[in-house]
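Engineer: Here is my input, please return the structure:
(one chain, ligands or ions: 1)
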Amino acid sequence: MIEKLADIKSKALDELSSLADFNELEVWRVRYLGKKSELTQILRGVASLSQEQRKTVGASANELRSNLEVLYSENKDALKEQAFQDVETTAKGYKDISLPGRPIPLGRLHPITQTVNEICGIFVALGFQVVEGPEVEWDYYNFEALNIPPDHPARDMWDTLWIDTESGQRPMLLRTHTSPMQIRVMEQTQPPVRVVVPGKVYRYEATDATHESMFYQLEGLAVDEYITFADLKGTLYEFAKRLFGKERRVRFRCDYFPFVEPGVEMAIDCFICGGKGCRLCSGTGWIEILGAGMVHPDVLRRVNYDPEVYTGFAFGLGLERIHMLRYGIEDIRLFYSNDLRFLRQF
Ligand code: DAH
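Structural biologist: Numbers count the residues shown, from 1 in each chain. Here you go, the predicted model:
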């Protein structure tokens, strides 16, 4: 009888290890623990055994039953879990290895970052170095050192966001243009200087389709012996052609900026209508793209450059405007409203 039990046990364990699914486990349960199973029969027959056999066989049979019951419930849980996972990965009971992987969403550079990189690339190719500077700036660099003293009417050209400072401290602001970096660069280096400075600038301004309170500019500065207005024109003409196409023409007209003399604005001929006049160029045939000029001698003097020895040119342009012109975008606010449908186009 004891041998019989050992036999049942080994067969049960054997079969258990090769069960494939829940249904087979049920068959196994009926076979080894069901009412008609050998083990149940033996347990029922225990009462009719001799007293001695009753003890040993009864104990072994009961132990075997509880072992098998534990095994049954353990296997049931494992198979359930397995079935659950299979449903997740297969709809019809097989694994579809041809399914494409889940796409990893790729990010990209913001359109203005792309424009910064492209324009810096052009100037690097022309021999300029790229530097960056602080967005929180002293009044001195943003205005005074650039020939714009306190109460000078030219301050009206830049609506300024001021930073609260302790009384007695020097006035501080969010830079309204990248021009303060002209001063910082010249303070730190001796000529020859050839730098471009991309970066964010801030204006205290109502936003509309062409104005944002934060936008990007790119400043340029070249100072050396014998730099003339011809260098300014040649460099900026080359830049315009590399960015807007070989066939571009440029126009320089007088303009006023306190830190340059003479000051100019540069326009390119309209690349949509070729100069005939259209909506983009407001019928004029020309599109203004930047301000520039020969560095004012007082600015040079302030950084201890001798204006009798050194001359230079500077320029500044708004980068959103450049991007808008090139891609026909009509509202500057699109750049900073975090709408991926817009941003993903570039
Ligand atoms: N800083 C000027 C502005 O924000 C742009 C500018 C004009 C920069 C002439 C220059 C320059 O360097 O020479 O309006």
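Engineer: who's in contact with residue 259?
Structural biologist: The contact partners of residue 259, taken as CB atoms under 8 Å, 6 or more residues apart in numbering, are 146-148, 179, 182, 293, 295-296, 299, 314. No exception for glycine: its C-beta is placed from N, CA and C like everyone else's.
Engineer: Quick check: pLDDT value at it.
Structural biologist: As predicted, residue 259 sits at a pLDDT of 98.
Engineer: Could you give the secondary structure assignment for residue 290?
Structural biologist: strand (DSSP: H, G, I helix; E, B strand; the rest coil).
Engineer: Next, the contact list for the nearest residue to it once chain neighbours are set aside, please.
Structural biologist: Distances taken as CB to CB, 6 or more residues apart in numbering put residue 317 closest to residue 290, at 3.7 Å, once the chain neighbours are dropped. Contacts for residue 317 (CB under 8 Å, 6+ apart) come out as 217-218, 289-291.
Engineer: What backbone torsions are found at residue 317?
Structural biologist: phi -140, psi 150 (degrees, to the nearest 10).
Engineer: Kindly state the beta-bridge partners for it.
Structural biologist: residue 218 (DSSP bridges).
Engineer: The nearest residue in space to residue 321 that is not next to it in sequence and the ligand: what is the separation?
Structural biologist: Nearest residue to residue 321 in three dimensions, chain neighbours excluded: residue 289, at 7.2 Å (CB to CB, 6+ apart). For residue 289, the distance to the ligand equals 11 Å [CB to the nearest ligand atom, to the nearest Å].
Engineer: what about residue 289, how many neighbours?
Structural biologist: 21 (other CB atoms under 10 Å).
Engineer: That one reaches residue 320, doesn't it?
Structural biologist: No. If you go by CB atoms under 8 Å, residue 289 and residue 320 don't touch, sitting 12.0 Å apart.
Engineer: Confirm for me that residue 2 is in contact with residue 60.
Structural biologist: Yes. The pair residue 2 and residue 60 qualifies as a contact (CB under 8 Å) at a distance of 6.0 Å.
Engineer: Looking at those two, which has the bigger crowd around it?
Structural biologist: Neighbours per residue (other CB under 10 Å) separate residue 2 from residue 60, with residue 60 holding more: 17 against 11.
Engineer: Name the helix or strand for the more buried one, please.
Structural biologist: Using DSSP states H and E, residue 60 maps to helix 51-89.
Engineer: For the ligand, what is the nearest residue in the stretch 101-250 of the chain?
Structural biologist: Among the residues of the stretch 101-250 of the chain, residue 177 lies closest to the ligand, at 3.3 Å counting by CB to the nearest ligand atom.
Engineer: Then that residue would be within a helix, right?
Structural biologist: No. Residue 177 is assigned coil when assessed by three-state DSSP, not a helix.
Engineer: Just the element for the closest residue to it other than its chain neighbours, please.
Structural biologist: The shortest distance from residue 177 to any non-neighbouring residue, by CB to CB, 6+ apart, is to residue 201 (5.4 Å). Using DSSP H and E, residue 201 sits within strand 193-202.
Engineer: picking that back up, isn't the residue nearest to residue 177 right up against residue 219?
Structural biologist: No. With contact defined as CB under 8 Å, residue 201 does not count as touching residue 219 (9.6 Å).
Engineer: Return every residue with contacts to both of those two.
Structural biologist: Common neighbours of residue 201 and residue 219 (CB under 8 Å, 6+ apart) are 177-178.
Engineer: Now do the host helix or strand of residue 7: which elements does it pack against?
Structural biologist: Following DSSP H and E, one finds residue 7 within helix 2-16. Other helices and strands packing on helix 2-16, by 3 or more CB pairs under 8 Å, 6 or more residues apart in numbering; DSSP states H and E, are helix 22-33, helix 38-45, helix 51-89.
Engineer: buried ones in the second one?
Structural biologist: Under the neighbour-count criterion of 16 or more other CB atoms under 10 Å, helix 38-45 has 38-39, 42-43 buried.
Engineer: Let me have those residues in JSON lines, adding distance to the ligand as columns.
Structural biologist: Output for the buried residues of helix 38-45, formatted as JSON lines (distance: CB to the nearest ligand atom, whole Å):
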{"residue": "38", "distance to the ligand": "96"}
{"residue": "39", "distance to the ligand": "94"}
{"residue": "42", "distance to the ligand": "99"}
{"residue": "43", "distance to the ligand": "97"}
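Engineer: Now flag whichever of those residues is closest to residue 117.
Structural biologist: residue 39 (78.5 Å; CB to CB).
Engineer: And the closest one, how close does it get to residue 8?
Structural biologist: 6 Å (CB to CB, to the nearest Å).
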